[in-house]
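Asks: this one's structure only:
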């Protein structure tokens, strides 16, 4: 089952979903994140639909993935920073990649900066320590 | 088709694509994690490259058949760069984004993801209040 073509198909369907849902339009995303302005609820509908489908599937196949329970500063600060960037740019990773591939210049700039940010984090913001033998 | 119907359809595609990746590779369809793993030498690259290629494929098709579905960021280039950096750093630090935490995490009932989603939604709204929301 682990053939690359399935990952490719998953990516293509995911991208298609983002496009159909209107998530590759930053104006729509920022409209959702502006409850005091002309609020655009589209993103909520997308989320609910996606979560519902995935939730049903996860339970159907009885798949159990280890779920970390700890809430630490990295999670909170990381999420806070991500949200800020999302509200500023109107892009998150998936839509950014799709829009960049579609030739949008601002999306391409976003993706390049995002990759730079990821590299900066992984190189300078991760404390390297020996992994414990047992997980 | 109305925007809400498109949004729901898109969400179903996103959820379904995520389910496909889980079924075929046992992996979470969290775009920041998939991309982040690609940037690190030690992670499995095959399926990640294939998935991202799928996203790119969707974007290229959109460019040809539905260019109006792709929008630009509402911000100036320096702000777009800032947004990208924040998203890059934040998603790696927080170990997820709207797909990883928002779709997959919430669907699995992850407390960490719930906290992450609440956090990035909040700072997303704050960011638009500061920088400018929907017209």
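Replies: Yep, that arrived. Given the structure is predicted, the values throughout are model-derived calculations rather than measurements. Residues are numbered from 1 along each chain as shown, chains lettered A, B, ... in the order given.
Asks: helices along chain A, start to end?
Replies: Counting by DSSP state H, chain A has these helices, from start to end: A:4-20, A:26-32, A:42-60, A:73-89, A:93-101, A:105-124.
Asks: among those, which is the most enclosed?
Replies: Mean neighbours per residue, mean count of other CB atoms under 10 Å in any protein chain shown, is largest over the helices of chain A for helix A:93-101, with a mean of 30. Every C-beta, even on glycine, is put in place using the N, C-alpha and C of the backbone.
Asks: and that one, what other elements does it pack with?
Replies: When contacts are defined as 3 or more CB pairs under 8 Å, 6 or more residues apart in numbering or on different chains; DSSP states H and E, helix A:93-101 sits against helix A:4-20, helix A:105-124, helix B:31-39, helix B:46-65, helix B:77-93.
Asks: could you redo the last one with a cut-off of 10 Å?
Replies: Contact here means 3 or more CB pairs under 10 Å, 6 or more residues apart in numbering or on different chains; DSSP states H and E; on that basis helix A:93-101 packs against helix A:4-20, helix A:26-32, helix A:73-89, helix A:105-124, helix B:31-39, helix B:46-65, helix B:77-93.
Asks: okay, now the unreliable bits of chain B?
Replies: The model of chain B has pLDDT under 70 over residues B:42-43, B:134-135.
Asks: in it, which helix is the longest?
Replies: helix B:3-25.
Asks: what are the buried residues along that helix?
Replies: B:6-22, B:24-25 (16 or more other CB atoms under 10 Å in any protein chain shown).
Asks: hang on, the earlier thing: reformat the helices of chain A as a markdown table; add mean pLDDT.
Replies: Output for those, formatted as a markdown table (pLDDT from 0 to 100):
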| stretch | mean pLDDT |
| --- | --- |
| helix A:4-20 | 97 |
| helix A:26-32 | 96 |
| helix A:42-60 | 96 |
| helix A:73-89 | 97 |
| helix A:93-101 | 98 |
| helix A:105-124 | 97 |
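Asks: tabulate those helices (TSV), appending distance to residue B:103.
Replies: As requested, those are exported to TSV (distance: least, CB to CB, whole Å):
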stretch	distance to residue B:103
helix A:4-20	10
helix A:26-32	15
helix A:42-60	5
helix A:73-89	15
helix A:93-101	10
helix A:105-124	19
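Asks: which residues touch the closest residue to residue B:127 other than its chain neighbours?
Replies: Closest residue to residue B:127 apart from its sequence neighbours, by CB to CB, 6 or more residues apart in numbering or on different chains: residue A:87 at 2.9 Å. Residues counted as contacts of residue A:87 (CB atoms under 10 Å, 6 or more residues apart in numbering or on different chains) are A:29-30, A:32-34, B:83, B:86, B:120-133.
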